[in-house]
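Participant: Give me a 3D structure for the following:
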Amino acid sequence: MGSIWVESLGRNFDGALDLLADAVRDCTDELWGTSMWDVPTPDANYELRGPDGTAVTEPMERRALVQRWSAPWCVAWHVLECFDYDLNGDLAPWTPPTPFASKPHWRFWSSVPAWSRTEIGGYLDYCRQRAHDTLAGMTEEKAATPLPPSHRYRGQPYAWVITSLVGHTTEHGSQIRQFITAAGVARGT
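Facilitator: Numbers count the residues shown, from 1 in each chain. Next up, the predicted model:
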């Protein structure tokens, strides 16, 4: 790493990913699929598909399916997919690692079965390595590169987007930690 800001960002990536990894590790089987907060059910006209791919129309089934969005497994998947995608910045082709690559993106979460802690842990390790590799090749020119039109933050400098990953990862790791702590799960169990 050639600059103090890149070295600092690497340390902060490690800290944020450690926080998330510890929360995922400590989450119990009972809490892994439990909704952490209430998620509004979309309008009945919104097509919602279950894990088997069929449309879910019954109101109670729709509500239960939507609540998965705030379960620890889904929140962890969301933060890792965002981390991975934004770290890539659409500056090169992007595909998440196996087994996530063969499923829809996080936005279409309702059609996937819950990921296991082992699968999420593997994605965490993958993201940690990608962060190290990305920062090892970081230059001032690359950091200043505007993101392409295909990226949701198109036109913003690459550095603006990747530096925000620390906050996003910390936010969601903290939500999982707070949820499991409130349920009586001690750190490191």
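Participant: Figure out how far the longest helix along the chain is from the centre of its chain.
Facilitator: Counting residues, the longest helix found in the chain (DSSP state H) is helix 158-182. The chain centre lies 9 Å from the centre of helix 158-182; the measure is C-alpha atoms, centre = their mean, to the nearest Å.
Participant: go on, stretch 73-80?
Facilitator: For stretch 73-80, the distance between its averaged C-alpha position and the chain's averaged C-alpha position is 4 Å (C-alpha atoms, centre = their mean).
Participant: How about stretch 137-147?
Facilitator: Offset of stretch 137-147 from its chain centre (C-alpha atoms, centre = their mean): 23 Å.
Participant: what is the mean pLDDT for that stretch?
Facilitator: Per-residue pLDDT over stretch 137-147 has a mean of 95.
Participant: try stretch 20-35
Facilitator: When pLDDT is averaged over stretch 20-35, the result is 97.
Participant: give me every residue that touches the residue nearest the centre of the chain.
Facilitator: By C-alpha atoms, centre = their mean, the chain has its centre lying nearest to residue 79, at 1.6 Å. With contact taken as C-beta atoms under 8 Å, 6 or more residues apart in numbering, residue 79 is in contact with 20, 168-169, 172-173. No exception for glycine: its C-beta is placed from N, CA and C like everyone else's.
Participant: tilt between the host helix or strand of it and helix 158-182?
Facilitator: Residue 79 belongs to helix 72-88 when assigned by DSSP states H and E. Relative orientation of helix 72-88 versus helix 158-182 (axes from the mean of the first three to the mean of the last three C-alpha atoms, to 10 degrees): 170 degrees.
Participant: Packing partners of the following helix or strand past helix 72-88?
Facilitator: Reading on from helix 72-88 to the C-terminus, the next helix or strand found by DSSP H and E is helix 117-136. Packing contacts for helix 117-136, counted by 3 or more C-beta pairs under 8 Å, 6 or more residues apart in numbering; DSSP states H and E, involve helix 4-26, helix 72-88.
Participant: returning to what we had before: tell me the pLDDT at the residue nearest to the centre of the chain?
Facilitator: 96.
Participant: what residue ranges in this structure score low on pLDDT?
Facilitator: By pLDDT under 70, the weakly predicted segments of the chain are 1-2, 102-111.
Participant: What residue in the protein is the furthest from its centre?
Facilitator: residue 58 (28.8 Å).
Participant: Against residue 48, how distant is that one?
Facilitator: 10 Å (C-beta to C-beta, to the nearest Å).
Participant: Residue 168 against residue 83, yeah?
Facilitator: Yes. Counting by C-beta atoms under 8 Å, residue 83 is a contact partner of residue 168 at 7.4 Å.
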